[in-house]
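Engineer: Coordinates for the following, if possible.
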Amino acid sequence: MSIKLLLADHQEVMRAGLKSLISRSHVEMVGEANTEEEAIRLTSELSPDVMILDVRFAGEDGFGTLSKIRAEYPELPILMWSTGDNPTYIARAMALGASGYLPRSVGRTEILTAVRTVANGRTGWSEAQQKAFTGAAELPQEVDVPLTPREREVLRQIAYGLSNKEVAKALDISYETVKEHVQHMLRKLRMTDRTQAAVWAVRNGLD
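Structural biologist: The predicted structure is shown next:
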């Protein structure tokens, strides 16, 4: 029996490419979603075995879509799908309950293996990913941390996966100012890196 796959990606060329890549395999693409609303509707109508969800779904934040679908369909395995292997994206996907993370650079074999793995109820996270990020994802929730409003805004941007330079541009502040905010924020949170801080932000609703 084939595995029913739903792909949620706003780029038509990516949907067509993946559909062609997995043709004549044990995986059948039963639906393609172009918007969040369509992704939720097709999940209900098609009852897929696995979903592949673009990190930048509909040109925005696919993690919001991940949260909504996970809340409504907690048993559905969801593989996040992105152009790169941004460590903050990976940590955020893990913290929000994704079943794995696929860079778009992986080949046919890796995609089919990942889909089969999560469809069979196993984790799609590699040992390296789990070793690097599980500890961060399991950090205790401590919402009463004295972050300033600007530090919270910087942290929110980091949780979106932005680099310091991108945060500076988004908030219209200098790169050096962002670095100072990050250092102060990490000290207050008693954390050693941005990935841990990003996961803490997701868990505490700051994203």
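
Engineer: average pLDDT across stretch 147-163?
Structural biologist: For stretch 147-163, mean pLDDT rounds to 87.

Engineer: In it, which residues are buried?
Structural biologist: Buried residues in stretch 147-163, defined by neighbour count with 16 or more other CB atoms under 10 Å: 147, 151, 153, 154, 155, 156, 157, 158, 159, 160, 161, 162. Where you see a C-beta, it was placed from the backbone N, CA and C, and this is true even at glycine.

Engineer: what's the closest of the residues you listed to residue 105?
Structural biologist: residue 161 (17.0 Å; CB to CB).

Engineer: Hmm, residue 91 and that closest one touching each other?
Structural biologist: No - the pair residue 161 / residue 91 is not scored as a contact, 9.4 Å apart, by CB atoms under 8 Å.

Engineer: TSV please, covering the buried residues of stretch 147-163 and showing distance to residue 130 and secondary structure.
Structural biologist: Shown next, in TSV, are these (distance: CB to CB, whole Å; DSSP: H, G, I helix; E, B strand; the rest coil):
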residue	distance to residue 130	secondary structure
147	28	coil
151	29	helix
153	30	helix
154	28	helix
155	24	helix
156	26	helix
157	26	helix
158	22	helix
159	20	helix
160	23	coil
161	20	coil
162	24	coil
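
Engineer: from those, which two are the most distant?
Structural biologist: Between any two of the buried residues of stretch 147-163 (CB to CB), the greatest distance is 19.2 Å, for 147 and 161.

Engineer: Make sure residue 166 is actually in contact with residue 157.
Structural biologist: Yes - using CB under 8 Å, residue 166 is in contact with residue 157, at 7.4 Å.

Engineer: joint contacts of the two?
Structural biologist: Counting by CB atoms under 8 Å, 6 or more residues apart in numbering, residue 166 and residue 157 have no common neighbour.

Engineer: Let me see the contact set for residue 119.
Structural biologist: Taking CB under 8 Å, 6+ apart, we find residue 119 in contact with 3, 49, 50, 77.
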